[in-house]
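Show me how the following folds:
(chains A and B)
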Amino acid sequence: MRFAAGRLLHGALLLLAVSFAAFAFAQFAPGDYYSDLAANPTIAPETVEALRQQAGLHRPFLTRYVDWLASAARGDFGVSLAYGGPVAPLIAERIRNTLLLTGTATVVAWLLAAPIGIWAATRRGFTDMALRVAMAVLLLIPDLLLAIVLLAVAVQTGWFPAGGMQSPDAGSMSAIERLRDTAWRLVLPASVLAIGMLPVLVRHVRAAMQETMNAPFALAARAHGIPARRRLFRHILPVAANPLIGLFGLSLGALLSASLLVEVVMGWPGLGPFLVDAILSRDIAVVLSAVVLSAAFLIAGNTAADLLLYRIDPRIRRGRG
Amino acid sequence: MTSRVRWALGLLAAIHAAALGAGMLAPYGYDDQHRDYPYAAPMRLHWQARRIVVYGLAPEGTGYGEDATRQYPVRFFVHGRLFGVDAPGVFYALGSDGYGRDVFSRLLYGARISLLTGLVAATLSLGIGWILGTIAGFHGGWIDQILMRISEFFLALPWLYLILGVRAFLPLRIGPVESFLLLIGIIGGLGWVRPARLIRGVVLGAREQHFVAAARGFGAGPVYLIRKHILPLTLGVTLAQATILIPQYIMAEVSLSFLGLGVGEPAPSWGNMLAEARQYHSLVLHPWLLAPGLAAIPVLLGYLLLADTLTQRRES
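Numbers count the residues shown, from 1 in each chain, chains lettered A, B, ... in the order given. All right, here's what the predicted structure looks like:
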């Protein structure tokens, strides 16, 4: 319990630090929405100054940070300058979409990687070699390229709809039809992400399995005549799962980064395109919340992995107890 | 040196040499426009009257057909270039883009920017990472604590979000040179954390080694100790990190320029060239625009082979 509280506190402090740094950086960095406005000759300097005043930019930095933090904690992320409305509902929807995409991709990738890795760990010679070459080939294809090519193929063949998350006529569909529509549109971006993750996962699953299978306890289990299936599921897998849970936490950052690109290419309305558009239009409130929320995402994932590890690994419990 | 390493180094050397020699290898400059021939497909060479010739392009449907009545010989070593075709003929080995610019030439010039970003940014990251990691590991105590806390903070953001977050608050409309330097600064300056943590671990272990303790006992100062005893021990991990970081940073440049936040037109980079392939209806008609994405694959292969060999050696 104390361990869990410690990890949670650590995560919260880290998030606080990230938010402070992001806010400070946004304030002191050169060039913002208003200086872009000021560069526009059709807008009077007084107007820009009045807008600055209205946004409260004349108040001291710390006051503004505390205000911003307090409202962010209440779920109010400020007002989008480009959209002209509150950020929170916009971003909530974007986050839900990104979660849907990355979550699906993660599940698919692990469901593929676990059996492939376990299978590869027990093979020698040609099969092992062929699999390693196949995984290396997947590793070499940049996600960006894969996304672009798959999209073009989908458009060309008409097998999958391209772009977006819903058909233009989604409004007239029933709930089930809408669900099917979205699932169908999820296939392409999720497969790009899953294919991108697969080689790394397989490699780690294989390594973890091989190490565990050669451990003394696994040999002892075998010498005791425990059947192979039971040995795999009851003895070897729980131990081999250990480094893989850590990997889950570590790979989350790469997954979110890859997802950003895939979302932009495929037109998936997630956090990625939202952030890129906000950067191009200098929409500070949106950039700030997107960055801080991506950190919250990652920290939450890492903390969850830590807690899970603690739960299933007695060595950590006793070590830090 | 195994044959695999030799192979990888040869491949990388060839690619870098091609980028370096872009001024000679490319038949056109990176911003030479031929507005009459946008989106021309890769052209065929013909053998006519004991010369290599290309035919003139004639608009046909959505693309171009060959007009055999106009023939232009491919000439070698003229105007300081390896090969070229005299105007009004054109030769697009890998097709042309929307402005009628030669994709092959832009690919070579773009390689300069993309590959150089990877190399310089990785050097920057490793340099900062090595210095901070060595200080943290060697000094220990509160300095170590502070540096590790700071590094955790950098790891709390997905790297593309971190890079974009920093890029967001820096000026958007700047020249190609400034944006190139900015890109290197951001990618390299934000990437020091992983190498720093790894090098810290190595230094921490090295500090406890008997020969280091012995040298210290003989009165060796910290600078001498680091230079003579610790530095050689960190070389392996630094090299291994380089083979991982360089391709990662090349792809970071490609991603940022693709998103329109990196190197801008007319200077070519593999990223901003790929951005033109982003319109999928355009890509279906003009698949050769994918060339810069495909060009990244042999680069990644070279570094992957090197990284694999280095990690295997460190493990065994």
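
and B:L261, that one's in a helix?
No - counting by DSSP: H, G, I helix; E, B strand; the rest coil, B:L261 is located in no helix; its state is coil.

Hmm, it is touching B:F169, no?
No - in this structure, B:L261 is not within contact of B:F169 by Cβ atoms under 8 Å, at 11.9 Å. The way it works is simple: take the backbone N, C-alpha and C, and place the C-beta from them, glycine included.

Any idea how many residues pack against A:R180?
12 (other Cβ atoms under 10 Å in any protein chain shown).

helix or strand right after the host helix or strand of B:L160?
If you go by DSSP states H and E, B:L160 is part of helix B:159-168. Later in the chain than helix B:159-168, the nearest helix or strand by DSSP H and E is helix B:176-190.

Identify the residues contacting the helix holding B:L160?
A:22, A:25-26, A:253-254, A:256-257, A:260-261, A:275-276, A:278-279, A:287, A:290-291, A:294-295, B:154, B:157, B:182, B:186-187, B:190-191, B:252, B:255-256, B:259, B:261 (Cβ atoms under 8 Å, 6 or more residues apart in numbering or on different chains).

just stretch A:216-234 next, same as before
Outside stretch A:216-234, the residues that reach it (Cβ under 8 Å, 6+ apart) are A:118, A:212, A:235-236, A:239.

first to last residue in it, what's the distance?
End-to-end span of stretch A:216-234 (Cα to Cα, to the nearest Å): 15 Å.

for the record, mean pLDDT for it?
Stretch A:216-234 carries an average pLDDT of 86.

In which helix or strand does A:A5 reside?
Assigned by DSSP H and E, A:A5 falls in helix A:2-28.

does chain B sit close to that helix?
Yes - counting by Cβ under 8 Å from any Cβ of the partner chain, chain B is contacted by helix A:2-28 at A:14-15, A:17-18, A:21-22, A:25-26.

which secondary structure elements does the longest helix along chain A contact?
Longest helix in chain A, counting residues (DSSP state H): helix A:175-213. Here helix A:175-213 touches helix A:87-121, helix A:126-140, helix A:143-157, helix A:237-266, going by 3 or more Cβ pairs under 8 Å, 6 or more residues apart in numbering or on different chains; DSSP states H and E.

do you know which of these lies nearest B:Y224?
helix A:237-266 (36.9 Å; Cβ to Cβ).

How far does the closest one sit from its chain's centre?
7 Å (Cα atoms, centre = their mean, to the nearest Å).

what angle do the longest helix of chain A and helix A:237-266 make?
140 degrees (axes from the mean of the first three to the mean of the last three Cα atoms, to 10 degrees).

OK, contacts around the spatially most central residue of chain A?
Against the mean C-alpha coordinate of chain A, by Cα atoms, centre = their mean, the closest residue is A:L256 at 3.0 Å. A:L256 makes contact with A:98, A:102, A:294, A:297-298, B:158, B:160-161 under the criterion Cβ under 8 Å, 6+ apart.

Throw the residues you listed into a markdown table and include pLDDT, distance to A:A207 and neighbour count, thanks.
Output for these, formatted as a markdown table (pLDDT from 0 to 100; distance: Cβ to Cβ, whole Å; neighbours: other Cβ atoms under 10 Å in any protein chain shown):
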| residue | pLDDT | distance to A:A207 | neighbour count |
| --- | --- | --- | --- |
| A:T98 | 91 | 30 | 25 |
| A:T102 | 91 | 24 | 25 |
| A:S294 | 88 | 29 | 29 |
| A:F297 | 86 | 27 | 22 |
| A:L298 | 88 | 24 | 24 |
| B:P158 | 86 | 24 | 25 |
| B:L160 | 87 | 27 | 23 |
| B:Y161 | 88 | 29 | 24 |
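
What residues does the stretch 51-200 of chain A have near chain B?
Counting by Cβ under 8 Å from any Cβ, the stretch 51-200 of chain A sits next to chain B at A:136, A:139-142, A:144-145, A:148-149, A:151-152, A:155-156, A:162-163.

ok, so what distance separates B:Q71 from B:H34?
As judged by Cβ to Cβ, to the nearest Å, B:Q71 and B:H34 stand 18 Å apart.

Same check on B:G188?
37 Å.

between those two, who's got more neighbours?
Applying other Cβ under 10 Å to B:G188 and B:H34 shows that B:G188 carries more neighbours, namely 25 against 18.

got the contact list for that one?
B:120-125, B:128, B:249.

which two in these are spaced the farthest apart?
Largest pairwise distance in those, by Cβ to Cβ, is 13.6 Å, between B:I128 and B:Y249.

More neighbours: those two, which one.
B:Y249 (26 against 18).

Counting by contacts, list what the helix or strand hosting the more buried one packs against.
Of the helices and strands defined by DSSP H and E, B:Y249 is found in helix B:231-258. Contacts defined by 3+ Cβ pairs under 8 Å, 6+ apart place helix B:231-258 against helix A:143-157, helix B:103-139, helix B:159-168, helix B:176-190, helix B:193-207, helix B:270-274, helix B:291-315.

so what's the residue most central in space within chain B up against?
Centroid-nearest residue in chain B, with Cα atoms, centre = their mean: B:L115, separated by 2.6 Å. Neighbouring residues of B:L115 by Cβ under 8 Å, 6+ apart: B:15-16, B:19, B:250, B:299.
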